[in-house]
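*Asks:* need a structure here:
(one chain, ligands or ions: 1)
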Amino acid sequence: MAGRRMPLAPAALRGLRGIVIGTGSANSGARRPIWEFWNNRWLRRALRASRIGALSVSIFGVGYTTGVSDVLADPQDFRQKKATALLKSMNATDAEGHVRLCEDHSEEVKAVKRVLPRLLRAARAQVDALAEEIFQAIQQGEATRSQEKDLETLQRAQKRLQGWSDHGFLVVDVNTPNAFARRPNSIAPVTPMLPRMVFVHRGIFWVDGLARPEGLQVGKEVYVRRDGWQRAKLVSQHQDQWAAILGDSETVTVGPEDMRVRERRQLVENDEQLAMLLGHELAHAVHDHGYESLGIWTTAYSLELVLLSILDPSGMFIFLLELAAGAIARYAFVLPLGRCDEMEADATGLQICARAGYDPRLATEFMERFASFQDDRSPTWASTHPSTEGRIKALKDAEADAIKCFQEHQAARRWL
Ligand SMILES: [Zn+2]
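*Replies:* Model prediction:
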């Protein structure tokens, strides 16, 4: 019977359509109330939304259960795998895929070993003090709703900080200046998966970079502009032009504009400065920011699913909306909230440093210095971090309290 089709009369097709989508167009004279009811556009949209909502909750539940059972089966193995995946995403692996970490006896690791335990003790005391303050307010019946919520966060932080060992850090051999207990330059909130661990880029101590040359001489190793920067050796000079050998053979002529020299710039120069950076990261843990941003993404995606299910997903407008939904969530919710988190972490970090005995008056100057090392030129609205001016202003606002705390603890120490 190949090639032959049973012809269907147009009237029959209309009738079929009426049954399937419930328009009842073929027998409009005899519509039944049940179809009328079902035809209500808003009812159908509400049903679709709740169906998709329920579906996304189920998918989330399955993922959550699988994750929990993975962790329970072998917690250490889970942490190891997560850490390796994270380090790979940071380009902290060599050509063979091995993670590049700084040696135990390196100056960088020694510095973190000196500073982190002091900060952890101070962070624990800071959380206890904040929790006690709210607890007192609750006892006196003066606590607000948001304070009660803060208390829950602080109680989670107390548990996390109690179990955070003095060895809960990794110094990763990466040439960019970052440290994170949550990833500041990425939206992916990876580190709620790896609590009690701060990842320190070796680049916060010093960065290797290319600088404009000064005092050129024959025999000097330079980098010349070709496809990117290529290593070369200067062989002779004619006025301001230089002849340089690329690799083994090719000779090129270049001016100083197209030449760079390798330069190592020191960023963190002392324990006070390192404490400012690590204190900021511990403050993220105190406020549970990583966990909160995970919640924001989950809500944003669920909302997107429900919205798309209410609106007709066949139109071009909706298609475009779907494409843009990630960007809308990112710029409307995640980034602005992330920038608030940074300000909060700066202020709490300053308190933690002060409590640990590091002078908070050094923070604003260091913030300017730190900003000059970062080549992130994206405007504030597109960045996870607020502008340097905004952060310095916030630090200045938090400084008075921190100085008071610093002086109290200095005085207390003198009596010990
Ligand atoms: Zn941060």
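*Asks:* Can you get me a residue count around the closest residue to F37 other than its chain neighbours?
*Replies:* Nearest residue to F37, sequence neighbours excluded (Cβ to Cβ, 6 or more residues apart in numbering): L43, at 7.4 Å. The C-beta positions use only the backbone N, C-alpha and C, and glycine is treated the same way. Number of residues near L43 (other Cβ atoms under 10 Å) recorded here: 11.
*Asks:* Packing partners of the host helix or strand of L43?
*Replies:* Taking DSSP states H and E as the definition, one finds L43 inside helix 41-73. Under the contact criterion of 3 or more Cβ pairs under 8 Å, 6 or more residues apart in numbering; DSSP states H and E, helix 41-73 touches helix 289-310.
*Asks:* Show the pLDDT at S293.
*Replies:* Here the pLDDT value assigned to S293 is 65.
*Asks:* when you give positions from now on, start the count at 14
*Replies:* With 14 as the first residue, the last one maps to S306.
*Asks:* need the helices for the stretch 264-413 of the chain, in chain order.
*Replies:* Under the criterion DSSP state H, counting those that start in this stretch, the stretch 264-413 of the chain carries helices at the ranges 284-300, 302-323, 329-342, 348-368, 376-386, 401-428.
*Asks:* roughly how far apart are R275 and R113?
*Replies:* Distance, R275 to R113, by Cβ to Cβ, to the nearest Å: 19 Å.
*Asks:* That should have said I416, apologies.
*Replies:* For I416 relative to R113 (Cβ to Cβ), the value is 39 Å.
*Asks:* F379 too?
*Replies:* 26 Å.
*Asks:* Look at these two and report which has more neighbours.
*Replies:* Shown here are F379 and R113; by other Cβ under 10 Å, F379 has more neighbours (20 against 14).
*Asks:* residues contacting the more buried one?
*Replies:* E285, Q286, M289 (Cβ atoms under 8 Å, 6 or more residues apart in numbering).
*Asks:* The last one and A367 touch, don't they?
*Replies:* Put plainly, it is M289. No: contact criterion Cβ atoms under 8 Å: M289 and A367 do not qualify, at 10.7 Å.
*Asks:* how many neighbours does the residue nearest to T361 when sequence neighbours are not counted have?
*Replies:* Residue nearest to T361 in three dimensions, not counting chain neighbours: A296, with 3.7 Å by Cβ to Cβ, 6+ apart. The number of residues packed near A296 is 27, by other Cβ under 10 Å.
*Asks:* May I see the buried residues of the helix or strand just after the helix holding L56?
*Replies:* Next along the chain after helix 54-86, taking DSSP H and E as the criterion, comes helix 88-102. Residues of helix 88-102 classed as buried: F91, R92, K95, A96, L99, L100 (neighbour count, 16 or more other Cβ atoms under 10 Å).
*Asks:* do stretch 211-218 as well
*Replies:* So stretch 211-218, judged by 16+ other Cβ under 10 Å, has buried residues V211, F212, V213, H214, R215, G216, I217, F218.
*Asks:* Would you mind checking the average pLDDT for that stretch?
*Replies:* 87.
*Asks:* Next one: it, is it in contact with the ion?
*Replies:* No: using Cβ under 5 Å from the ion, stretch 211-218 stays clear of the ion, coming no nearer than 11.3 Å.
*Asks:* which strand is the longest one in this structure?
*Replies:* strand 241-251 (DSSP state E).
*Asks:* Now do the same for the helix or strand following that strand: mean pLDDT, whole number.
*Replies:* Downstream of strand 241-251, the next assigned helix or strand under DSSP H and E is strand 254-259. The average pLDDT within strand 254-259 is 89.
*Asks:* and the end-to-end length of stretch 336-350?
*Replies:* Stretch 336-350 has an end-to-end distance of 22 Å (Cα to Cα, to the nearest Å).
*Asks:* can you tell if it touches the ion?
*Replies:* No: using Cβ under 5 Å from the ion, stretch 336-350 stays clear of the ion, with a minimum separation of 12.6 Å.
*Asks:* returning to that earlier point: out of the helices of the stretch 264-413 of the chain, which one sits most buried?
*Replies:* Mean neighbours per residue, mean count of other Cβ atoms under 10 Å, is largest over the helices of the stretch 264-413 of the chain for helix 284-300, with a mean of 25.
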